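Novice: here are the coordinates; sequence isn't available:
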């Protein structure tokens with residue numbers, strides 16, 4: 001069987017060694033006679049799997065002891081609601097920064113629960129991050145929310161904002177792609193389907209002092225304190241996704257940890273951006289100061305060639321390169337599991353395509 005290079009933004013490619021190990025353990029996990037999919041989430045075997053996954057993640061990110069690590073459901077979209085439900089703590093306002101599609105969705109959801117002050121926003125058509133000197137922060141916000149990486153547009157923060165309020169971040173596209181100082185944030189959340197594992201599980205890392213005072217009517221499954229006290233098993237969790245996430249954490253650890261992942265991801269991004277910038281046939285529309293390492297959109301000089309480009313790329317084993325339906329063009333998502341060889345193959349194809357069609 002020939003594996004393709006999968007540039008999907010999510011669900012994204014998983015490391016082949018992880019898939020191989022999961023396949024080996026599919027029918028019989030370590031001699032117990034059953035698959036992880038069949039285990040009780042309260043049984044000894046799965047409790048061991050879950051505990052090891054959390055511990056490995058804590059080691060990778062050097063999570064301080066005063067932070068809870070939760071494995072929940074609902075995706076990042078669920079956390080758009082769960083964040084204000086848990087973190088308002090008697091306040092009526094939260095600050096948000098709008099840098100793209102996912103920021104807008106987070107803002108729309110938060111407005112159901114509190115007053116939202118949009119402290120800064122990229123102008124329509126501008127793929128950039130407003131300088132913090134221009135932000136209008138509230139003096140009484142419960143937290144400041146921003147999206148470090150906008151998956152659709154490829155806009156990424158390469159700096160951490162300064163604020164008196166706790167920082168709340170949707171790290172779905174950037175978590176585990178490089179080192180991060182967890183202590184800079186009040187809450188980090190991330191859907192799994194990019195750098196963590198299969199879709200269906202969401203990692204939440206939240207500081208102890210920010211939980212325990214939820215809005216009335218908050219569902220128990222999104223009460224962070226209740227889930228922390230139940231080891232994320234207040235209800236039946238997505239056990240298999242949790243198990244595969246643990247395998248991914250071990251793969252990252254065994255391949256040099258986050259420092260090595262960061263160096264690898266920086267190199268992949270540089271390779272692709274250099275190819276785009278060195279050509280008149282392709283263009284990246286994002287401000288160079290905030291280009292994403294993870295999601296690289298690009299536009300052909302002649303959009304009439306888009307379908308041809310995608311079809312020929314697919315024939316070469318370069319899959320899922322179509323841009324998001326809301327913006328068009330192309331997008332290459334190059335998360336941890338994408339090897340340098342995949343990026344090199346894409347660049348070689350782009351150069352050959354330009355030679356024939358440019």
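Specialist: Arrived safely. Owing to the predicted nature of the structure, the values given are computational and were not obtained by experimental measurement. Numbering: from 1, shown residues only.

Novice: all strands of the stretch 201-350 of the chain, in order?
Specialist: 202-207, 282-283, 295-300, 318-319, 330-333 (DSSP state E, counting those that start in this stretch).

Novice: average pLDDT across the third one?
Specialist: By that I understand strand 295-300. For strand 295-300, mean pLDDT rounds to 97.

Novice: which one of the strands of the stretch 201-350 of the chain lies closest to residue 235?
Specialist: strand 202-207 (13.8 Å; Cβ to Cβ). The C-beta positions use only the backbone N, C-alpha and C, and glycine is treated the same way.

Novice: name the helices or strands packed onto that closest one?
Specialist: strand 67-72, helix 75-87, strand 187-191 (3 or more Cβ pairs under 8 Å, 6 or more residues apart in numbering; DSSP states H and E).

Novice: for the helix or strand just after the longest one, packing partners?
Specialist: So that's helix 75-87. Where DSSP states H and E defines the elements, the next helix or strand beyond helix 75-87 is strand 93-98. Counting contacts by 3+ Cβ pairs under 8 Å, 6+ apart, strand 93-98 packs against helix 101-110, strand 115-121, strand 144-146.

Novice: contacts for strand 93-98?
Specialist: 84, 87-88, 103-104, 106-107, 110, 114-122, 130, 135, 137-138, 140-147, 161, 163, 165 (Cβ atoms under 8 Å, 6 or more residues apart in numbering).

Novice: what subset of those is buried?
Specialist: 84, 87-88, 103-104, 106-107, 110, 114, 116-117, 119-122, 130, 135, 137-138, 141-147, 161, 163, 165 (16 or more other Cβ atoms under 10 Å).

Novice: now for residue 241, how many residues are close by?
Specialist: 20 (other Cβ atoms under 10 Å).

Novice: wait, doesn't it sit right on residue 203?
Specialist: No. Here residue 241 lies out of contact with residue 203, judged by Cβ atoms under 8 Å, at a distance of 10.7 Å.

Novice: now list whatever residues contact both of the two.
Specialist: residue 192.

Novice: contact partners for the residue nearest to residue 283 when sequence neighbours are not counted?
Specialist: With sequence-adjacent residues excluded and distances taken as Cβ to Cβ, 6 or more residues apart in numbering, residue 283 is closest to residue 299, at 4.9 Å. Residue 299 makes contact with 282, 283, 284, 285, 329, 330 under the criterion Cβ under 8 Å, 6+ apart.

Novice: where are the low-confidence patches of this structure?
Specialist: 1 (pLDDT under 70).

Novice: quick one: residue 291 from residue 70, how far?
Specialist: Noted for residue 291: a distance of 31 Å to residue 70, by Cβ to Cβ, to the nearest Å.

Novice: domain assignment for this protein?
Specialist: 17-254, 257-357 (automatic domain parsing).

Novice: now distance to residue 2 too, for these, in CSV please.
Specialist: Shown next, in CSV, are those (distance: least, Cβ to Cβ, whole Å):
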stretch, distance to residue 2
domain 17-254, 14
domain 257-357, 7
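
Novice: now do the helices in this protein.
Specialist: Assigned by DSSP state H, the helices in the chain fall at 16-24, 44-61, 75-87, 101-110, 224-229, 239-254, 257-277, 306-315, 340-357.

Novice: okay, buried residues for the first one please.
Specialist: Of the residues in helix 16-24, those buried under the neighbour-count criterion (16+ other Cβ under 10 Å) are 18, 22.

Novice: can you check the last one too?
Specialist: For helix 340-357, burial by neighbour count (16+ other Cβ under 10 Å) applies to 342, 343, 345, 346, 347, 349, 350, 353, 354.

Novice: same check, this time on the second one
Specialist: Counting neighbours by 16+ other Cβ under 10 Å, one finds that the buried residues in helix 44-61 are 46, 49, 50, 53, 54, 56, 57, 58, 60, 61.

Novice: the fifth one reaches residue 69, doesn't it?
Specialist: Yes. Assessed by Cβ under 8 Å, residue 54 is found in contact with residue 69 at 5.2 Å.

Novice: report the contact partners of residue 199.
Specialist: 10, 11, 75, 191, 192, 193, 241.

Novice: what's the ChimeraX syntax to select whichever of those residues are buried?
Specialist: The buried residues among those can be selected in ChimeraX (16+ other Cβ under 10 Å) with this line:
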select :10,11,75,191,192,193,241
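
Novice: distance of residue 245 relative to residue 18?
Specialist: Distance from residue 245 to residue 18, by Cβ to Cβ: 10 Å.

Novice: kindly report the same for residue 252.
Specialist: For residue 252, the distance to residue 18 - Cβ to Cβ - is 10 Å.

Novice: same check, this time on residue 179
Specialist: Distance from residue 179 to residue 18, by Cβ to Cβ: 21 Å.

Novice: and the buried residues of helix 340-357 as CSV, adding distance to residue 209?
Specialist: Below are these laid out as CSV (distance: Cβ to Cβ, whole Å):
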residue, distance to residue 209
342, 43
343, 42
345, 48
346, 45
347, 47
349, 51
350, 49
353, 54
354, 55
